[in-house]
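Novice: Fold the following.
(one chain, ligands or ions: 1)
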Amino acid sequence: RVLSSSSSPTLTQEEADEVVGKGSSLIDVNPPRGTRDFPPDDMRLRNWLFQNFREVSRILSFEEVDFPVLESEALFIRKAGEEITQQLYNFEDKGGRRVVLRPEITPSLARLVIKQGKSVSLPLKWFTIGQCWRYERMTRGRRREHYQWNMDIFGVSKVRGEAELIQAIVLLFERLGINSSDVGIRVSSRKVLQAVLQMYAIPENLFTQVCVIVDKLGKITREEIEKELLSLGVSIQAVNGIIEVLSLKSLSKLEEVLGSEEEAVSELKKLFSLAESYGYADWICFDASVVRGLAYYTGIVFEAFDREGKLRAICGGGRYDRLLSTFGSEDIPACGFGFGDAVIVELLKDKGLLPDLAHRVDDIVFPLDEVLDGTASRIASSLRKKGRSVDLVEDKRLKWVFKHAERIGASRLILVGNSEWERGAVRVKNLSTREEFEVKIDELV
Ligand SMILES: OCc1cccc(Br)n1
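Specialist: Numbers count the residues shown, from 1 in each chain. Here you go, the predicted structure:
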């Protein structure tokens with residue numbers, strides 16, 4: 001049996017040939033449905049985006065954490081009918097455990113906070129960038145994986161937490177060249193809906209399901225929303241009241257409806273006041289229709305959107321003060337957001353803001369004669385030890401080498417030739433000034 005690296009028996013060569021068919025059709029070279037490869041150009045763009053995520057996280061003094069993509073299914077079993085829990089990429093592993101490829105990261109963050117218990121001092125501010133999965137019938141041909149930047153704060157109960165997170169989002173956009181005329185951030189609070197449900201004496205235990213339904217406002221018809229709410233036992237008066245309040249776009253109107261003593265109102269006013277102090281007030285707007293689709297949000301919620309209205313939400317988040325108790329632990333106030341890697345790239349494309357990230361190297365070293373291949377290796381090695389990126393080329397015509405140098409944006413072309421080498425030197429061509437000169441090897445830096 002052919003042993004794989006994990007020394008568990010895999011296919012014999014004959015079995016492998018049967019699978020592929022000796023000399024017959026090629027295997028399917030595409031990645032699994034709904035997933036992506038990242039060839040060099042795409043990987044450079046992804047690294048550039050993730051480097052900006054990381055830099056903003058550092059600037060906000062967040063610490064990086066990471067988790068397995070594979071999690072226990074139990075972490076994501078929720079009864080509120082969210083799309084995310086109805087599309088779990090779940091399966092039973094060989095040990096009979098129910099596991100999932102995680103659909104989001106917040107539950108893993110909560111799990112680690114609980115696990116670390118008293119050993120973590122609050123507040124804690126963690127960030128991570130990780131791949132998330134869903135299993136959706138490919139009828140809609142949507143992706144099954146994306147990468148998400150998450151920033152979360154545990155231990156801050158005031159809206160200072162949300163204000164910090166929104167600044168991170170604004171800083172990220174500004175770093176990418178996006179401004180507040182391109183993108184806005186809608187802000188509301190689930191306490192708005194909570195207050196409305198109380199006005200209509202709707203039982204608290206329906207709150208989460210109502211949130212998940214009204215999150216679909218704008219995505220499904222008002223009739224469908226009404227139907228789903230009525231099926232929960234919400235009266236038609238309450239349905240109309242809910243939709244009326246959720247269509248408010250003015251905080252002062254909300255205050256007229258709910259009163260200034262209502263927590264939803266005072267918290268939102270505080271957040272908008274902090275936004276002025278942070279200097280990002282022009283980015284945010286109150287919009288009562290924002291509830292976000294995750295069951296566990298309990299307070300302020302927000303989402304960034306492109307003002308042309310062409311794209312899905314760019315990122316979103318909110319407060320989730322009672323997530324830990326759903327895992328049987330003491331609650332710790334928390335807030336966070338998720339920022340996916342797909343919509344932002346569509347927005348950058350639309351705005352002509354994709355950066356030029358061609359492959360770049362410092363030097364190309366090329367022996368003009370194959371007997372100098374050892375010398376060329378020594379020169380390349382010496383430059384690399386000094387931290388220069390070097391592309392060591394051989395078996396190519398000089399014409400190709402010049403084209404290659406242009407293509408990868410090399411700064412210098414270092415030609416190793418017999419005559420120069422006899423003088424202990426090499427020929428250096430500066431590819432930006434086109435200057436060419438001979439350099440003694442021990443002076444080459
Ligand atoms: O935002 C929902 C979601 C979750 C996991 C994977 C993908 Br693609 N999308």
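
Novice: Count residues in the vicinity of V212, would you?
Specialist: Residues lying near V212 (other C-beta atoms under 10 Å) number 22. Glycine gets a C-beta too; all of them are placed from N, C-alpha and C.

Novice: From the ligand, how far out is it?
Specialist: 14 Å (C-beta to the nearest ligand atom, to the nearest Å).

Novice: and that residue, what does it touch?
Specialist: V212 makes contact with A80, G81, E82, G293, A295 under the criterion C-beta atoms under 8 Å, 6 or more residues apart in numbering.

Novice: burial of the fourth one, as a residue count?
Specialist: The criterion is other C-beta under 10 Å. On that basis, G293 has 21 neighbouring residues.

Novice: next one: A168
Specialist: Neighbours around A168, by other C-beta under 10 Å: 22.

Novice: I'd like to know which elements the helix or strand hosting it is packed against.
Specialist: Using DSSP states H and E, A168 sits in helix 160-175. Secondary-structure packing of helix 160-175 (3 or more C-beta pairs under 8 Å, 6 or more residues apart in numbering; DSSP states H and E): helix 40-59, strand 145-154, strand 183-189, helix 263-278, strand 300-306, strand 315-319, strand 334-340.

Novice: so which of the ones you listed comes closest to I114?
Specialist: strand 145-154 (10.2 Å; C-beta to C-beta).

Novice: if you look at that closest one, does any of it touch the ligand?
Specialist: Yes: for strand 145-154 and the ligand, the contact criterion (C-beta under 6 Å from any ligand atom) is met by E145, H146.

Novice: From the contacts of V212, pick the one nearest R102.
Specialist: The closest of these to R102 turns out to be E82 (C-beta to C-beta; 14.2 Å).

Novice: Could you verify my assumption that the closest one touches A295?
Specialist: Yes: the pair E82 / A295 is scored as a contact, 5.5 Å apart, by C-beta atoms under 8 Å.

Novice: picking that back up, dump the helix holding A168 to PDB, restricted to CA.
Specialist: The C-alpha trace of helix 160-175 is given here as PDB (Å, rounded to 0.1, in the frame of the first residue of the first chain):
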ATOM      1  CA  ARG A 160     -17.600  53.200  24.100                       C
ATOM      2  CA  GLY A 161     -17.100  49.600  22.900                       C
ATOM      3  CA  GLU A 162     -19.200  50.100  19.700                       C
ATOM      4  CA  ALA A 163     -17.600  53.500  19.200                       C
ATOM      5  CA  GLU A 164     -14.200  52.000  19.200                       C
ATOM      6  CA  LEU A 165     -15.300  49.300  16.700                       C
ATOM      7  CA  ILE A 166     -16.800  51.800  14.300                       C
ATOM      8  CA  GLN A 167     -13.600  53.800  14.400                       C
ATOM      9  CA  ALA A 168     -11.700  50.700  13.400                       C
ATOM     10  CA  ILE A 169     -14.100  50.300  10.400                       C
ATOM     11  CA  VAL A 170     -13.700  53.900   9.400                       C
ATOM     12  CA  LEU A 171      -9.900  53.800   9.600                       C
ATOM     13  CA  LEU A 172      -9.900  50.700   7.500                       C
ATOM     14  CA  PHE A 173     -12.000  52.300   4.800                       C
ATOM     15  CA  GLU A 174      -9.800  55.400   4.800                       C
ATOM     16  CA  ARG A 175      -6.700  53.300   4.500                       C
END
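
Novice: which outside residues touch stretch 24-40?
Specialist: The contact list for stretch 24-40 (C-beta under 8 Å, 6+ apart) reads V20, D42, R46, E136, M138, R142, R143, R144, E145, H359.

Novice: Just flag the most distant two among these.
Specialist: Greatest spatial distance among those (C-beta to C-beta): E136 and H359, at 34.6 Å.

Novice: Between those two, which has more neighbouring residues?
Specialist: E136 (17 against 13).

Novice: Go ahead and confirm that one touches E145.
Specialist: No: E136 lies out of contact with E145 (C-beta under 8 Å); the separation is 10.8 Å.

Novice: give me the number of residues near the closest residue to L354 other than its chain neighbours?
Specialist: Distance criterion C-beta to C-beta, 6 or more residues apart in numbering; nearest residue to L354, sequence neighbours excluded, is L348 at 5.1 Å. Neighbour count of L348, defined by other C-beta under 10 Å: 18.

Novice: The stretch 251-400 of the chain: helices as residue ranges?
Specialist: For the stretch 251-400 of the chain, the helices defined by DSSP state H, counting those that start in this stretch occupy 251-258, 263-278, 343-350, 373-385, 398-407.

Novice: Out of those helices, which is closest to the ligand?
Specialist: Nearest to the ligand among these is helix 343-350; the distance by C-beta to the nearest ligand atom comes to 9.6 Å.

Novice: Also compute the angle for that closest one relative to strand 300-306, please.
Specialist: On the basis of axes from the mean of the first three to the mean of the last three C-alpha atoms, to 10 degrees, helix 343-350 is oriented at 30 degrees to strand 300-306.

Novice: Return the distance of helix 343-350 from the chain's centre.
Specialist: 13 Å (C-alpha atoms, centre = their mean, to the nearest Å).

Novice: Now do the contacts for the closest residue to the ligand within the stretch 251-400 of the chain.
Specialist: Per C-beta to the nearest ligand atom, G340 is where the stretch 251-400 of the chain lies closest to the ligand, at 6.2 Å. By C-beta under 8 Å, 6+ apart, the contact set of G340 is H146, Y147, Q148, I314, C315.

Novice: still on that earlier bit, thought the residue nearest to L354 was touching D341?
Specialist: No: if you go by C-beta under 8 Å, L348 and D341 don't touch, sitting 11.1 Å apart.

Novice: Can you say which of the helices and strands packed on helix 160-175 is nearest to K399?
Specialist: Checking the helices and strands packed on helix 160-175 against K399 by C-beta to C-beta gives helix 40-59 as the closest, at 23.9 Å.

Novice: Which positions in the closest one come out as buried?
Specialist: Residues R44, L45, R46, L49, N52, F53, V56, S57 are the ones in helix 40-59 that count as buried (16 or more other C-beta atoms under 10 Å).
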